[in-house]
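Asker: Based on what follows, work out the 3D shape:
(one chain, ligands or ions: 1)
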Amino acid sequence: MTQNLTERILSKLNETDIILSINLQEQWKCGHQDVVGAIKSLQCYENVIDVKEVPLKQLKLTDEGNGIAKNGSHEYNVFMSVPDEGITQAELMKSGAHAKIGFSKAMQAGWIGLDKSAPGAPRVMKKTKDVVDEIQKLLIDISLNKDTSEEDEKEYEKKKKELKKRKLIAEETIMAYEVRKGTSFTLSPHKQEVDLTPEMIATRSWETKDFKPLNFDAMGVMPTGGYLHPLLKIRAEYRQIFLEMGFTEMPTNNFVESSFWNFDALFQPQQHPARDAHDTFFLSDPVSSSNFPDDYLARVKNVHSHGGYGSQGYKYDWKIEEAQKNILRTHTTAVSARLLYKLGQMKEFHPVRYFSIDRVFRNETLDMTHLAEFHQIEGVVADRGLTLGDLMGVINEFFQKLGMTQLRFKPAYNPYTEPSMEIFGFHDGLKKWVELGNSGIFRPEMLLPMGLPEDVVVIAWGLSLERPTMIKYGINNIRDLIGPKINLSVVQQNPICRLT
Ligand code: PHE
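Answerer: Residues are numbered from 1 along each chain as shown. Below you'll find the model as predicted:
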């Protein structure tokens, strides 16, 4: 069909300068869409035809209009239902669904009348022998796109207006196409090459071939990427909660950290097992860092080896070489340490609330729930005179916003906090107590060398991002959540969900 139509369009164009798609449809008795399809396929040939869009207003029959074109107008049907001897109005109303409107139109037209002199109820009588159903005729003409035989243009417009008012016809805009000969018009267009193939190169046939120019305006294929990973969705929720609580996000954009900021600044002794290659990834290049604030470094060295600030210290030979070793940070508390040091350097102390959510690395044995890298969520509050009650209060508020209302704290140990507490929460969905994270009050041995005032207390807590995400999404094996084995469709289809 299209093949045939394209040839017909070309030969028509050969004879005339300009054709309009809508006219071809009428002449060739085919659908407008077929003509448009043929025009579009001719557009694939470079400059064979020249096409311009022309929006055209067309009249279209409504459903009711179509019914009348098929079965006659309501007034005509009412007229036809009136027998010569007349009929009561009540009886006439039973003649069809549109009898009421048909009755009033037929009355208006003077086709029928009411004989009130008849005995009993007034009777509807025909007032003329024969009538012409002009409405039906007009609608049929319109549906066939026929130019009406109506002589009087004004009269015709009036009738159309009436049909529109009666909602029998409506105007619709269709897109027609004006077609002219293109600069490379031909009756037998040939397809341009769309691909440069290895054969064309090998045989050098490409030199004589005509290539289709690339269409940079073509609609691209929707990329299938761009889905948020469950970890990102949960991260967004935690971030939102911290922001609501007035916390500021810390800059966590350094995976590589020196042992100094990751351990020493946190009063973690150099013999601590976490500083072993079994637990921590050490960098071979660059193997070490050297740029530390001198006086602070001296104070850290001193507090480790001799104590101070009311502490005995660890009493060992602190070595700068150990502190210089570069590692992949094992916790985001290294970032907190850097910011607390900065805070200690300020002329005047201002209370702060900081948070971070980012990746950390540990040289762990991999299993169902552990990978060598994961994400930590950390909250830090520094203010004068804070207590353990403040820590429990702020943690309560934080987890309450996540939907965890029952919390328990268990004493724990961290080298840099005293006291330290593990946090447990009752998970309504799992109906059991789950470990949520770790917390504590940073030790004076950590804070005072940084230059923070003595009465400033810093409370902090941390948790992993993976654990709540796995609980929420019902994922048992961490390898199903992150890494090369994950099923991408899970990422694409999983919903955004609340944590409880
Ligand atoms: N840094 C701790 C960890 O890696 C978490 C923590 C943060 C604990 C802040 C106490 C205070 O588990």
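Asker: element containing the residue of the chain found nearest the ligand, please.
Answerer: In the chain, the residue that lies nearest the ligand is residue 462 (2.9 Å; Cβ to the nearest ligand atom). From N, CA and C alone the C-beta is placed, and that goes for glycine too. Taking DSSP states H and E as the criterion, residue 462 maps to strand 456-464.
Asker: What strands flank that strand, and is each parallel or antiparallel?
Answerer: Partners of strand 456-464 in the sheet, by DSSP bridges, are strand 373-384 (antiparallel), strand 432-442 (antiparallel).
Asker: Let me see the residues that make contact with the next helix or strand along the chain from that strand.
Answerer: Following strand 456-464 in sequence order, the next helix or strand is helix 466-473 (DSSP H and E). For helix 466-473, contacts defined as Cβ atoms under 8 Å, 6 or more residues apart in numbering pick out 230-231, 234, 369, 371, 374-375, 402, 427, 429-430, 434-436, 475-476, 478, 481-482, 494, 497-499.
Asker: residues of helix 466-473 that come out buried?
Answerer: Residues 466, 467, 468, 469, 470, 471, 472, 473 are the ones in helix 466-473 that count as buried (16 or more other Cβ atoms under 10 Å).
Asker: what's the closest of those to residue 45?
Answerer: Top of the list for closeness to residue 45, among the buried residues of helix 466-473 and by Cβ to Cβ, is residue 473 at 53.3 Å.
Asker: start to end distance for stretch 254-270?
Answerer: Start-to-end span of stretch 254-270 (Cα to Cα, to the nearest Å) is 22 Å.
Asker: Check stretch 14-27 too.
Answerer: This stretch, stretch 14-27, spans 17 Å end to end (Cα to Cα).
Asker: Same check on stretch 122-137?
Answerer: Chord length of stretch 122-137, first to last residue, is 32 Å (Cα to Cα).
Asker: in that stretch, what's buried?
Answerer: Of the residues in stretch 122-137, 123, 124, 125, 126, 127, 131, 133, 135, 136 count as buried by neighbour count, 16+ other Cβ under 10 Å.
Asker: In contact with the fifth one, which residues are there?
Answerer: With Cβ under 8 Å, 6+ apart as the criterion, the residues that contact residue 127 are 110, 111, 112, 113.
Asker: which of the residues you listed tops the neighbour count?
Answerer: When neighbours are taken as other Cβ atoms under 10 Å, the top entry among those is residue 112 (25 neighbours).
Asker: on that earlier part again, so which of the contacts of residue 127 sit within strands?
Answerer: Counting by DSSP state E, the part of the contacts of residue 127 found in strands is 112, 113.
Asker: Now render the contacts of residue 127 as a markdown table, adding distance to residue 356 and pLDDT.
Answerer: Converted to a markdown table, the contacts of residue 127 look like this (distance: Cβ to Cβ, whole Å; pLDDT from 0 to 100):
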| residue | distance to residue 356 | pLDDT |
| --- | --- | --- |
| 110 | 89 | 91 |
| 111 | 87 | 94 |
| 112 | 88 | 93 |
| 113 | 91 | 91 |
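Asker: Mind putting the contacts of residue 127 into CSV with distance to residue 342?
Answerer: As requested, these are arranged in CSV below (distance: Cβ to Cβ, whole Å):
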residue, distance to residue 342
110, 97
111, 96
112, 97
113, 100
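Asker: sorry, back to before: tell me which of the contacts of helix 466-473 fall in helices.
Answerer: 230, 231, 234 (DSSP state H).
Asker: Quick check: which ranges of the stretch 51-200 of the chain have low pLDDT?
Answerer: 146-151 (pLDDT under 70).
Asker: Highest mean neighbour count out of the strands paired with strand 456-464?
Answerer: The highest mean neighbour count among the strands paired with strand 456-464, using mean count of other Cβ atoms under 10 Å, belongs to strand 373-384: a mean of 21.
Asker: Check the burial of the nearest residue to residue 282 once chain neighbours are set aside by counting its neighbours.
Answerer: Once flanking residues are discounted, residue 282 sits nearest to residue 327: 5.4 Å by Cβ to Cβ, 6 or more residues apart in numbering. Per other Cβ under 10 Å, the neighbour tally for residue 327 reads 23.
Asker: From residue 460, how far out is residue 327?
Answerer: 21 Å (Cβ to Cβ, to the nearest Å).
Asker: hmm, back to that, tabulate the contacts of residue 127 in a markdown table, adding columns for distance to the ligand.
Answerer: Formatted as a markdown table, these follow (distance: Cβ to the nearest ligand atom, whole Å):
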| residue | distance to the ligand |
| --- | --- |
| 110 | 95 |
| 111 | 93 |
| 112 | 94 |
| 113 | 97 |
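Asker: Please state the offset of stretch 275-292 from the chain centre?
Answerer: 41 Å (Cα atoms, centre = their mean, to the nearest Å).
Asker: Give me the residues contacting it.
Answerer: Under the criterion Cβ under 8 Å, 6+ apart, residues 256, 258-260, 263, 268, 273-274, 321-328, 330, 361-364, 372 lie in contact with stretch 275-292.
Asker: Just the buried ones out of these, please.
Answerer: Neighbour-count burial (16+ other Cβ under 10 Å) applied to the contacts of stretch 275-292 gives 258-260, 263, 268, 274, 322-328, 330, 361-363.
Asker: Let's see which of those residues end up in helices.
Answerer: Among the buried ones among the contacts of stretch 275-292, the members found in helices (DSSP H) are 259, 260, 322, 323, 324.
Asker: what subset of those is also close to the ligand?
Answerer: Residues of these in contact with the ligand (Cβ under 6 Å from any ligand atom): none.
Asker: In these, find the pair that's most separated.
Answerer: The widest separation within those (Cβ to Cβ) is 8.9 Å, between 260 and 322.
Asker: Got the phi and psi for the nearest residue to residue 475 once chain neighbours are set aside?
Answerer: Leaving aside its sequence neighbours, residue 475 sits nearest to residue 481 (Cβ to Cβ, 6+ apart; 5.0 Å). Dihedral angles of residue 481 (phi, psi; degrees, to the nearest 10) stand at phi -100, psi -40.
Asker: Please apply the same query to residue 108.
Answerer: Note on residue 108: its backbone torsions stand at phi -60, psi -40 [degrees, to the nearest 10].
Asker: ok so, going back, could you list every residue that touches the residue of the chain closest to the ligand?
Answerer: Applying Cβ under 8 Å, 6+ apart to residue 462 gives the contacts 331, 332, 333, 376, 377, 378, 379, 437, 438, 439.
Asker: Fine by me, thanks again.
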